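Enquirer: Return a 3D structure for these sequence lines:
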Amino acid sequence: MENVLWLDCSAGIAGDMLVAALLDAGGDRMAMERALASLPEKDFSICVSHVEVSGVRCVDFDVVLPAGLETHDHDMAYLYGEDADATGGEHEHGHEHGHDHAHHHRTLPEVLEILSAAELSAGARSLAERAFTILADAEAAAHGKTRETVLFHEVGAIDSIVDVVAASVLLDGLAPDAVYVTNLTEGCGSVRTAHGVLPVPVPAVAEICRAHGLAVRISERPGELITPTGAALLAALSPTFASPGGLVISKTGYGAGKRSYPWANFVRASIGRAEAASEGKICKLECDIDDATGEAMGETIERLLAAGAREAHWIALGTKKGRPAWQLQVICLPADVEALELEIFRCTTTIGIRRQLMERTVLPREAVRLTLALPDGSTAEIEGKRVTLPDGTQRTMPEADAVAALSKKRDLSYQLVWQAALAACAAQASVNPN
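Expert: Just a heads-up that it's a prediction; the model follows:
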């Protein structure tokens, strides 16, 4: 089983919404507060409270700034002008702290210097730095700058830094093995920013989605639903855009957005464990290689299996110009695609990998102990695996590696031990006739 974080972003996502949802889902508030207290910037405080959004009890995470440093994100009329009525009309504080005054401009090196001075775990620091680097690359692409020279306007403000640090600490503490995102929704129309009135999605968000493959549904809802900070945090997590199959949910949290919209404006974060037997979706990676030796292909297979592939093999084929070649095929979980593709590129000379998401049916299985009566009159125990068919019947088989290990240990023929193991499976089936 794996520890899973599932984010439902039907109302979009912003940094403060993610922090609030993670807190409500059991994130370590004390660890977050210690990390924020260690930031060299001190002109802020935080307020965590409960609010009701569309009848749902949510957590609200607010960064409180001194007079004169507040952001315009508190003002729907400022953000949307004449369109304020279409987005709800109430002058409430913003979806996240983002569209602020000009004196908050910072460069990426300046932001990274602030992070380096904070007391963060290695995991939290890495995630925060990755999020800001993604933001810098997106802003640089949008404005024709470099990563080092582009100025952060909205996201350079201390409140946005607080959002990223808080989210990174909470995510590091929850330590999900996989992150799934569903229903990531963006609005339409335009929004007023530090760069003027821009179309939604704003250029930084559009670039992050493009560069990191964020699967976004563009809706007809007027307004900015995905902020650059929210998009960068998602991209930094390298999530799978699918529903987690067979998720046993242990905790669900709701993070309130602060802009007033006619729909339920919150992010939902669910924590749970995914049963390995319920992995309904897998990915098949495939590429053709015509300049590798058999030894190189064998090493590639070993490395892919060690990196988490569920299956890896190659088949011989003939390609263009009559060349003999190998077709490498790898079966893996969607969450492992990025790591395994990197391994393929490192180990082979291929310059492209085909990817296919597939559905599969997996039988529930469990590990069992088998007691073998060996030909020399002794007994031994080895591992086996029992699966349950849809009609409730069960099938047990010995683990081949365990049979091989026992045959070597007892200096017996592999086939003799295998037959004894099959007899043990049959005897166990008679005791458990399901």
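
Enquirer: drop to CA atoms for contacts and neighbour counts, all remaining ones
Expert: Fine.

Enquirer: For residue 266, see how far away residue 123 is.
Expert: Distance of residue 123 to residue 266, given as Cα to Cα, to the nearest Å: 26 Å.

Enquirer: before we move on, what about residue 14?
Expert: Taking Cα to Cα, one finds residue 14 at 10 Å from residue 266.

Enquirer: Residue 24 now?
Expert: Using Cα to Cα, residue 24 is found at 12 Å from residue 266.

Enquirer: Likewise for residue 314?
Expert: In terms of Cα to Cα, residue 314 sits 46 Å off from residue 266.

Enquirer: now the strands for the stretch 201-350 of the chain?
Expert: For the stretch 201-350 of the chain, the strands defined by DSSP state E, counting those that start in this stretch cover 217-222, 247-256, 266-274, 281-289, 311-318, 324-332.

Enquirer: With distance to residue 209, mean neighbour count and mean pLDDT added, can I get those strands in CSV?
Expert: CSV is the format used below for those (distance: least, Cα to Cα, whole Å; neighbours: other Cα atoms under 10 Å; pLDDT from 0 to 100):
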stretch, distance to residue 209, mean neighbour count, mean pLDDT
strand 217-222, 11, 15, 89
strand 247-256, 22, 21, 92
strand 266-274, 18, 24, 92
strand 281-289, 21, 19, 91
strand 311-318, 30, 15, 91
strand 324-332, 24, 20, 92
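
Enquirer: These into a markdown table, with extra columns for distance to residue 412?
Expert: Below are the strands of the stretch 201-350 of the chain laid out as a markdown table (distance: least, Cα to Cα, whole Å):
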| stretch | distance to residue 412 |
| --- | --- |
| strand 217-222 | 61 |
| strand 247-256 | 44 |
| strand 266-274 | 40 |
| strand 281-289 | 39 |
| strand 311-318 | 30 |
| strand 324-332 | 35 |
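
Enquirer: Between these, which one is closest to residue 426.
Expert: strand 311-318 (28.1 Å; Cα to Cα).

Enquirer: Residue 327 reaches residue 314, doesn't it?
Expert: Yes: using Cα atoms under 8 Å, residue 327 is in contact with residue 314, at 5.3 Å.

Enquirer: Apart from its neighbours in sequence, what residue is nearest residue 416?
Expert: residue 375 (7.3 Å; Cα to Cα, 6 or more residues apart in numbering).

Enquirer: Can you give me every residue that contacts that neighbour?
Expert: Residue 375 sits next to 416, 417, 420 when contact means Cα atoms under 8 Å, 6 or more residues apart in numbering.

Enquirer: which phi and psi does the last one have?
Expert: It stands for residue 420. phi -60, psi -40 (degrees, to the nearest 10).

Enquirer: can you list contacts of the helix or strand where residue 404 lies?
Expert: Taking DSSP states H and E as the definition, residue 404 sits inside helix 400-410. Residues outside helix 400-410 that contact it (Cα under 8 Å, 6+ apart) are 382, 383, 413, 414, 417, 418, 421.

Enquirer: what's the spacing between stretch 282-293 and its chain's center?
Expert: 25 Å (Cα atoms, centre = their mean, to the nearest Å).

Enquirer: top helix in the protein by residue count?
Expert: Counting by DSSP state H, the longest helix found in the chain is helix 122-143.

Enquirer: what packs against it?
Expert: Using 3 or more Cα pairs under 8 Å, 6 or more residues apart in numbering; DSSP states H and E, the elements in contact with helix 122-143 are helix 108-117, strand 151-152, helix 158-174, helix 203-212, helix 228-237.

Enquirer: Only alpha carbons, please: show it as PDB.
Expert: Output in PDB follows, covering the C-alpha atoms of helix 122-143 (Å, rounded to 0.1, in the frame of the first residue of the first chain):
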ATOM      1  CA  ALA A 122      15.700  19.100   3.500                       C
ATOM      2  CA  GLY A 123      12.500  18.000   1.900                       C
ATOM      3  CA  ALA A 124      10.600  21.200   2.700                       C
ATOM      4  CA  ARG A 125      13.400  23.400   1.500                       C
ATOM      5  CA  SER A 126      13.800  21.400  -1.700                       C
ATOM      6  CA  LEU A 127      10.100  21.700  -2.500                       C
ATOM      7  CA  ALA A 128       9.900  25.400  -1.800                       C
ATOM      8  CA  GLU A 129      13.000  26.100  -3.900                       C
ATOM      9  CA  ARG A 130      11.500  24.000  -6.700                       C
ATOM     10  CA  ALA A 131       8.200  25.900  -6.600                       C
ATOM     11  CA  PHE A 132      10.000  29.300  -6.800                       C
ATOM     12  CA  THR A 133      12.300  28.100  -9.600                       C
ATOM     13  CA  ILE A 134       9.200  27.000 -11.600                       C
ATOM     14  CA  LEU A 135       7.700  30.400 -11.000                       C
ATOM     15  CA  ALA A 136      10.900  32.100 -12.100                       C
ATOM     16  CA  ASP A 137      11.100  30.100 -15.300                       C
ATOM     17  CA  ALA A 138       7.500  30.900 -16.100                       C
ATOM     18  CA  GLU A 139       7.800  34.600 -15.400                       C
ATOM     19  CA  ALA A 140      11.100  34.700 -17.400                       C
ATOM     20  CA  ALA A 141       9.400  33.000 -20.400                       C
ATOM     21  CA  ALA A 142       6.500  35.400 -20.200                       C
ATOM     22  CA  HIS A 143       8.600  38.600 -20.000                       C
END
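
Enquirer: Sounds good, over and out.
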